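Based on what follows, work out the 3D shape:
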Amino acid sequence: MQGTDSKPSDYTDWTRELWFGLLFVCIGWTVWPLMIYFLGRTVGLDYFLCLSLREWAEIKVYGPLCDGGLRTLSRIGFLFSPWMFFLSLRLLLAVSKRGG
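Prediction:
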């Protein structure tokens, strides 16, 4: 048949990519801020010891999303950082696999 001779490297499985994105975006918006908060408290950082979980979530992480400006962009970057890290890692591995 014509059109079925595509190479596996030319084919992108979008269902897998969407599930990958959904997984790491959900982790970034839920588990990631909790991990940072509780690891900060465990290590004994004064910033987290003087801060309640409610203040961390409402004022520091999710509150600035409605403010606009640089603070909003930094919070969006923080919340999407697990996804961006693993996406860049996957891209780096794909490029190194093709090159060598």
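
Looking only at residue counts, what's the top helix in the protein?
helix 81-99 (DSSP state H).

pLDDT (mean, whole number) over that one?
Taken as a whole, helix 81-99 has an average pLDDT of 89.

what's it packed up against?
Packing partners of helix 81-99 (3 or more C-beta pairs under 8 Å, 6 or more residues apart in numbering; DSSP states H and E): helix 14-26. C-betas here are computed from N, CA, C, even on glycine.

quick revisit: give me the contact list for the longest helix of the chain.
9, 20, 21, 24, 25, 27, 28, 32, 77 (C-beta atoms under 8 Å, 6 or more residues apart in numbering).

What's the ChimeraX syntax to select whichever of those are buried?
The ChimeraX selection below is limited to those of those classed as buried (16 or more other C-beta atoms under 10 Å):
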select :24,28,32
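
could the contacts of helix 81-99 be laid out in JSON lines, adding pLDDT and distance to residue 62?
Below are these laid out as JSON lines (pLDDT from 0 to 100; distance: C-beta to C-beta, whole Å):
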{"residue": "9", "pLDDT": "58", "distance to residue 62": "40"}
{"residue": "20", "pLDDT": "88", "distance to residue 62": "24"}
{"residue": "21", "pLDDT": "88", "distance to residue 62": "20"}
{"residue": "24", "pLDDT": "89", "distance to residue 62": "18"}
{"residue": "25", "pLDDT": "89", "distance to residue 62": "14"}
{"residue": "27", "pLDDT": "90", "distance to residue 62": "15"}
{"residue": "28", "pLDDT": "90", "distance to residue 62": "12"}
{"residue": "32", "pLDDT": "93", "distance to residue 62": "12"}
{"residue": "77", "pLDDT": "91", "distance to residue 62": "14"}
